[in-house]
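*Asks:* here is a sequence with its predicted model. Questions after.
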Amino acid sequence: MGTNIMDWFLGETIMETDRGGGRWSVGEAQSGIIAGFVLRADELGSEKVSMRFKDLRGALDSMEVGKQIAPKTLSKALKALVARGRLARNQSGREVWYSLEKLPRQDLVPIITATHRAAILSAANLGAIGDLEQGWAFYGIPDLLRRRLRSSLREEAEAYRDRIAQLLEREVRRFIRSLLEKGRGRVTATELRDAERAIWLGLGEAHLVGAVSTILVYLDQVAPGAGGRTVSHAAAHWPSTREAQIRYIAQATGKEQTRIEREVMKIERLQTASRKLFGALPAADQKRFALEFNAWAQLIASWCAVVRT
């Protein structure tokens with residue numbers, strides 16, 4: 001196909017942080033407390049750690065410059081986490097120690113996010129090296145070492161991003177091969193080739209447009225069912241005419257309107273073949289491939305990597 005999917009997996013290694021000071025809310029404190037336990041475990045190289053009230057207060061106070069945790073707020077957050085079974089509370093003499101319990105799977109993503117955010121904020125107090133446009137950053141770098149390390153760290157960040165992009169490219173190609181194999185014999189060879197082009201262009205459109213709520217409308221046209229129930233919500237906020245849609249995407253992404261129009265025209269010419277391919281699949285396969293196509297498009301549009309050492 002001659003498609004260079006490597007251009008789509010740019011990714012990011014920067015997390016936006018707020019260093020404006022202020023007070024913690026109870027909800028923020030709960031996330032910060034759990035992040036504090038994870039960071040302390042990393043620091044000590046132990047899977048199980050215990051912390052006292054004053055330890056946790058110090059951990060939260062050090063996460064963001066100028067942002068202090070009120071004792072009453074910390075007490076409420078700790079009480080709520082113990083009540084929910086997220087923390088264990090043990091009395092040892094006159095001291096109370098808290099430890100982190102095994103967390104439900106559904107809680108892990110926000111906890112991982114909060115932990116990374118806390119680690120970044122804490123390290124950023126010391127210094128950082130990064131390039132916002134290129135999408136990479138390293139935190140915890142003292143100003144004295146920034147000039148010495150910047151070039152080599154940039155090379156490592158770019159090499160890491162390339163390795164991840166190659167991994168994702170292999171998986172996308174495997175998905176498309178599997179889809180086309182299921183459709184072989186159900187549509188003509190020409191329709192199969194056109195459908196493959198439409199799928200690649202649809203994924204390319206995901207990278208071009210970027211916003212998931214926007215690309216879902218396009219994805220459902222390329223692969224019926226890809227957008228699922230989210231399409232109706234996205235369509236409600238989607239401009240009604242083709243010309244307005246193109247102007248909207250151009251304005252939202254900062255891309256040239258003529259470039260977007262060319263990409264849209266390509267997809268439109270090939271949509272018939274891709275829709276025919278999906279329509280020829282058995283119902284179960286049609287749903288499975290449409291949902292996976294949606295998942296890959298969302299990943300291409302939105303993925304962000306944070307790796308702590």
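*Replies:* Noted; the coordinates are in hand. Numbers count the residues shown, from 1 in each chain.
*Asks:* contacting residues around T73?
*Replies:* 23-26, 29 (Cβ atoms under 8 Å, 6 or more residues apart in numbering). Quick note: C-beta positions are derived from backbone N, CA and C, even for glycine.
*Asks:* what about 6 Å?
*Replies:* Contacts here follow Cβ atoms under 6 Å, 6 or more residues apart in numbering; on that basis T73 touches 24, 26, 29.
*Asks:* tell me the one among the residues you listed nearest to I129.
*Replies:* Each of the contacts of T73 was checked against I129 using Cβ to Cβ; the closest is W24, at 28.5 Å.
*Asks:* nearest spatial neighbour of that closest one, skipping sequence neighbours?
*Replies:* What sits nearest to W24 in space, not counting adjacent residues and going by Cβ to Cβ, 6 or more residues apart in numbering, is I69, at 4.7 Å.
*Asks:* where is the longest helix in the chain?
*Replies:* Determined from DSSP state H, the single longest helix within the chain is helix 143-183.
*Asks:* quick check: next helix or strand after that one?
*Replies:* Moving toward the C-terminus from helix 143-183, the first helix or strand encountered (DSSP states H and E) is helix 189-209.
*Asks:* that following helix - contacts with which helices or strands?
*Replies:* Helices and strands in packing contact with helix 189-209 are listed as helix 212-222, helix 257-280, helix 283-302; criterion 3 or more Cβ pairs under 6 Å, 6 or more residues apart in numbering; DSSP states H and E.
*Asks:* can we see that at 8 Å?
*Replies:* Counting by 3 or more Cβ pairs under 8 Å, 6 or more residues apart in numbering; DSSP states H and E, the packing neighbours recorded for helix 189-209 are helix 143-183, helix 212-222, helix 242-253, helix 257-280, helix 283-302.
*Asks:* least reliable of the ones you listed going by mean pLDDT?
*Replies:* Of all the helices and strands packed on helix 189-209, mean pLDDT reaches its minimum on helix 212-222 (a mean of 48).
*Asks:* quick one on the thing from earlier: how many residues are close by the residue nearest to W24?
*Replies:* Residues near I69, counting by other Cβ atoms under 10 Å, number 22.
*Asks:* for it, phi and psi?
*Replies:* Backbone torsions for I69, taken as degrees, to the nearest 10, come to phi -100, psi 120.
*Asks:* show the pLDDT at it.
*Replies:* pLDDT at I69 comes out at 89.
*Asks:* next one: the one 3 residues further on
*Replies:* Note on K72: pLDDT of 94.
*Asks:* which SS state does it fall under?
*Replies:* Using DSSP: H, G, I helix; E, B strand; the rest coil, the three-state assignment for K72 comes out as helix.
*Asks:* for it, give its distance to S122.
*Replies:* Note on K72: its distance to S122, by Cβ to Cβ, to the nearest Å, is 24 Å.
*Asks:* then Y248?
*Replies:* For Y248, the distance to S122 equals 40 Å [Cβ to Cβ].
*Asks:* next: A305.
*Replies:* When distance is defined by Cβ to Cβ, A305 is 19 Å away from S122.
*Asks:* neighbour count: the two, which is higher?
*Replies:* More neighbours sit around S122 than around the other of A305 and S122, counting by other Cβ under 10 Å; the figures are 19 against 14.
*Asks:* list phi and psi for the more buried one.
*Replies:* S122 adopts backbone torsions of phi -60, psi -50, taken as degrees, to the nearest 10.
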